[in-house]
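1. Sequence first, predicted coordinates after that:
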2 protein chains.
Amino acid sequence: MGVTVATMQDVAQRAGVSLSTVSYTLTGKRPVAPATRARVEQAMAELEFRRSPVARALASRRTHVLALAYPVFGVSLGATLNEIVRGAVEAAREAQYELVLWPVSSGEPGLLRELAEQRTADGVLLMEVSLDDPRIEAVESAGLACALIGRSADPGDRVWVDIDFEQAIEAAVEHLASQGHSRIAFVNRAQAELDAGYGPAVRAQWAFDAATARRGLVGYSTASDVTPSAGRRATSALLAAHPDLTAVVVMNELALFGVSAALREAGRTVPGDVSVVGVAISGEISEMYDHPLTYLAAPGPDQGRRAVHGLLEVLDGRPAPAGVNLPCTLQVRETSGPATRLDPR
Amino acid sequence: MGVTVATMQDVAQRAGVSLSTVSYTLTGKRPVAPATRARVEQAMAELEFRRSPVARALASRRTHVLALAYPVFGVSLGATLNEIVRGAVEAAREAQYELVLWPVSSGEPGLLRELAEQRTADGVLLMEVSLDDPRIEAVESAGLACALIGRSADPGDRVWVDIDFEQAIEAAVEHLASQGHSRIAFVNRAQAELDAGYGPAVRAQWAFDAATARRGLVGYSTASDVTPSAGRRATSALLAAHPDLTAVVVMNELALFGVSAALREAGRTVPGDVSVVGVAISGEISEMYDHPLTYLAAPGPDQGRRAVHGLLEVLDGRPAPAGVNLPCTLQVRETSGPATRLDPR
DNA sequence: CATCCTTATCGAAGCGCTTCGCGGAAGCGC
DNA sequence: GCGCTTCCGCGAAGCGCTTCGATAAGGATG
């Protein structure tokens, strides 16, 4: 407990300079003669000096803390969240920032505003941003900057980092088409998300329709709640309605688990009878799949990193980097293979 | 940006009292006359006053921040971590504390000490504590209190919150025994953890051996790395060596996924031929299982909450609550059922 | 009515740092 | 050798709050 720590005052005294000189050697905001700097640094070393982040924050009005606001609808976000958090936390640490967690569902911007007004953080990372997200206004009206993980309808010149769903879907379809698949099913996210115009679901649907149409392929689409059982039902229904399908593209992390169960129940082997490709799946999830899954890996950690970097740019008064759609990278494993001719059963 | 906020000084002025009186009405550390208190509170409301956490921290030497140190070995921790974090973050918020993330693998106590010495947090929650964890010393030598999620060999009078593995295993075995199973396999965590004497693995093994022995049952144990493929291999090996087993107890979140694959490959149905029970599994993981899984739910969120509460007690100078082993609750779903007589194949 | 408590409030001294204005000492050209 | 610019370093004023000793105003007491 009562560990006493050296202050900048102590360092100044020991080095025989003034307090402000110590500060300037630390911040570099004014030149310090090499000799002086050396003395100061030695004094700091001898005293094991550690600058107090709290005092610094008070004096400079910068807390060096970033907040991560994430929605708390229980499950499902788990793995995705994790990867993004991991990237964000690493990037923050490298930049000497701390990362605090603000669990705020998108339904309660009031709480977010409350937190933001405390000014305990310099900026906020908003996860799972929806097209018209009230949280953005909540954060900005409190005078904090924010970076969007995802994208709102009109991000303006804010920092945003989204997934390139178009590219991912296109790549998935291309991968399958190149193997001779011509009747491809698509399991999207929940119907509610589509109805609400939620970006990822809508963009993926467009992309899928475009990718199949352009190639003259047949696409069968369905939506599924984000649970294994919903995925199972959706897939069973698809198989019943379109027994001739030879591939399934799934952009729904949890439904994925139900998809394989449904295929198995229907007596279809993977990838013998049906190929399965996951889209925007986190590496963590893919590893839990029963076969090594062919998937388009979500840029999770990178998304987190970029959001942090962008936010820091803004905080430092530099222009915000342009928003980016990060591509997913195709990981070919064992759930995809050449299409086999299949008689409708 | 430049949003100006009211300070306590402003409030004092408006209420016609001194700065310190405002402070005392806020902290309650000295009595304030009801009438005065009312005036102050009204002034605060009118000015939309928000106390600055930073200034408060500097003056009071309490940051009102808790740090969560978690190991960063990529995967696997995901779901478990999440639940614990969720509990911790909620408990912290309720107590008006912030929760920051410190990603520090247990191999680098130096980094942890560094962070602790910054005194940017009042206390540290240590996740995945090992029997002889150097991080404890790192945190305490910096003068911070810590709470252990898990337990070290000698927790002393520190706060610790672990899972009652004995109870969980016992409950799993009891559940199976009551259904007539007499030859039960156990898939533990990695051999390396057993060799290292890592608490959970070792305790679970003892418990399993005890639970089966006490009932005169036959137990087949094996260890598996924390991946689906390792689980698959381990299970295949078990089935080959002991074709007569009718149940598998799995205390290994990721191996679980491989277990079902191996059973399927061996032509065993679940729960017809073989029952599967997960132990200390998070709800999130259980939902990803292909069948509704019978499991002993890890007390994840509660673990996080308790650790926070305990830590806060200590920070407030009260005696630390005694360490606890939290029980897992049996969730009977569809992967367990009565034992069927089975001819060794 | 002088005395001694109580009780509510005030003023001031920090907490450990950043930042701004100032000024002494060199260094420069002419 | 004079003014002028540069370069460094100093002192002091905060940042917004907590906390401690002191004080004024009543009340109770003898």
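-> Happy to help now that I have it.
2. Quick one: residues contacting A:E46.
-> A:E46 makes contact with A:R14, according to C-beta atoms under 8 Å, 6 or more residues apart in numbering or on different chains. In short, each C-beta sits where N, CA and C put it, glycine included.
3. How about A:L68?
-> Contacts of A:L68 by C-beta under 8 Å, 6+ apart are A:V85, A:A88, A:L99, A:V100, A:L101, A:W102, A:V124, A:L125, A:M127.
4. Repeat that for A:P71.
-> Contacts of A:P71 (C-beta under 8 Å, 6+ apart): A:L77, A:P103, A:V104, A:S105, A:S106, A:M127, A:E128.
5. if we can go back for a sec, I only care about the contacts of A:L68 that end up buried; give me the PyMOL line for that.
-> Here is the PyMOL command that picks out the buried ones among the contacts of A:L68, judged by 16 or more other C-beta atoms under 10 Å in any protein chain shown:
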select buried, chain A and resi 85+88+99+100+101+102+124+125+127
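6. Residues of the stretch 1-150 of chain A that sit close to chain B?
-> Residues of the stretch 1-150 of chain A that fall close to chain B, judged by C-beta under 8 Å from any C-beta of the partner chain: A:1-3, A:5, A:50, A:52-55, A:57-58, A:63, A:65, A:72, A:74-75, A:78-79, A:81-82, A:85-86, A:89-90, A:93, A:98-101, A:103, A:117-120, A:142-143, A:145.
7. Weed out the non-buried ones from those.
-> Counted by 16+ other C-beta under 10 Å, the residues of the stretch 1-150 of chain A next to chain B give A:5, A:52-54, A:57-58, A:63, A:65, A:75, A:78-79, A:81-82, A:85-86, A:89-90, A:93, A:98-101, A:103, A:117-120, A:142, A:145 as buried.
8. which residue sits closest to A:R62 in space, ignoring its chain neighbours?
-> For A:R62, ignoring the flanking residues on the chain, the nearest one in space by C-beta to C-beta, 6 or more residues apart in numbering or on different chains is A:D122 at 5.7 Å.
9. roughly how far apart are the closest residue to A:A196 other than its chain neighbours and DNA strand C?
-> Closest residue in space to A:A196, ignoring its immediate chain neighbours: A:S130 at 7.6 Å, by C-beta to C-beta, 6+ apart. For A:S130, the distance to DNA strand C equals 36 Å [C-beta to the nearest atom of the strand, to the nearest Å].
10. Can you give me the distance of the residue in the stretch 101-250 of chain A positioned nearest to DNA strand D to A:T4?
-> In the stretch 101-250 of chain A, the residue that lies nearest DNA strand D is A:R119 (8.8 Å; C-beta to the nearest atom of the strand). In this view, A:R119 and A:T4 are 29 Å apart by C-beta to C-beta, to the nearest Å.
11. for the stretch 51-200 of chain A, which spans come out with low pLDDT?
-> A:73-78 (pLDDT under 70).
12. Going along the chain, name the strands of it.
-> A:65-70, A:98-103, A:123-129, A:145-150, A:159-163, A:183-188 (DSSP state E, counting those that start in this stretch).
13. touching DNA strand C at all, stretch A:14-24?
-> Yes - judged by C-beta under 7 Å from any atom of the strand, stretch A:14-24 comes into contact with DNA strand C through A:L19, A:S20, A:S23, A:Y24.
14. and the end-to-end length of that stretch?
-> 16 Å (C-alpha to C-alpha, to the nearest Å).
15. pLDDT of that stretch, averaged?
-> For stretch A:14-24, the mean pLDDT works out to 96.
16. residues of it that come out buried?
-> A:R14, A:A15, A:V17, A:T21, A:V22, A:S23, A:Y24.
17. List, out of these, those positioned next to DNA strand D.
-> A:V17, A:T21, A:Y24.
18. coming back round to it: so of the buried ones among the residues of the stretch 1-150 of chain A next to chain B, which ones are in helices?
-> A:53-54, A:57-58, A:78-79, A:81-82, A:85-86, A:89-90, A:93, A:117 (DSSP state H).
19. out of those, who's near DNA strand D?
-> A:L58.
20. Now the two most distant members of the contacts of A:P71.
-> Greatest spatial distance in the contacts of A:P71: A:L77 and A:V104, 13.0 Å, computed using C-beta to C-beta.
21. Pick out whichever of the two has more residues nearby.
-> A:V104 (27 against 19; other C-beta atoms under 10 Å in any protein chain shown).
22. returning to what we had before: next, the residue nearest to A:R62: phi, psi?
-> Torsion angles at A:D122 (phi, psi; degrees, to the nearest 10) stand at phi -90, psi -30.
23. wait, doesn't it sit right on A:C146?
-> No - the pair A:D122 / A:C146 is not scored as a contact, 10.7 Å apart, by C-beta atoms under 8 Å.
24. the more surrounded of the two?
-> Taking other C-beta under 10 Å, A:D122 and A:C146 do not tie; A:C146 has more neighbours (27 against 20).
25. Just give me the neighbour total for the nearest residue to A:Y198 once chain neighbours are set aside.
-> Distance criterion C-beta to C-beta, 6+ apart; nearest residue to A:Y198, sequence neighbours excluded, is A:S130 at 6.0 Å. Neighbourhood size, A:S130 [other C-beta under 10 Å]: 21.
26. wait, what's in contact with A:S130?
-> A:S106, A:G150, A:S152, A:A196, A:Y198, A:G199.
27. Next, the residues that contact stretch A:250-257 from outside, please.
-> With contact meaning C-beta under 8 Å, 6+ apart, stretch A:250-257 is reached by A:75-76, A:79-80, A:165, A:168-169, A:186-189, A:200, A:204, A:224-228, A:230-232, A:234-235, A:259, A:276-282, A:285, A:288-289, A:293, B:287-290.
28. Just the endpoints, please. Distance across it?
-> End-to-end distance (C-alpha to C-alpha), stretch A:250-257: 10 Å.
29. pLDDT of that stretch, averaged?
-> pLDDT averaged over stretch A:250-257 gives 91.
30. roughly how far is it from the heart of the chain?
-> 17 Å (C-alpha atoms, centre = their mean, to the nearest Å).
31. same check, this time on stretch A:83-95
-> Relative to its chain's centre, stretch A:83-95 lies at 11 Å (C-alpha atoms, centre = their mean).
32. Get me the contact residues on chain A for DNA strand C.
-> Counting by C-beta under 7 Å from any atom of the strand, chain A sits next to DNA strand C at A:5, A:7-9, A:19-20, A:23-24, A:26-27, A:29, A:49-52, A:55-56, A:58-60.
33. Now do A:R37 against A:A59, distance only.
-> Where A:A59 is concerned, A:R37 sits at a distance of 21 Å (C-beta to C-beta).
34. out of these two, which sits in the busier spot?
-> The neighbour count for A:R37 versus A:A59, taken as other C-beta under 10 Å, is higher for A:R37 (19 against 12).
35. Would you confirm that the more buried one contacts A:G28?
-> No - A:R37 lies out of contact with A:G28 (C-beta under 8 Å); the separation is 9.7 Å.
36. I'd like the distance from A:G197 to DNA strand C, if you could.
-> Counting by C-beta to the nearest atom of the strand - A:G197 and DNA strand C are separated by 43 Å.
37. Good, we can wrap up now.
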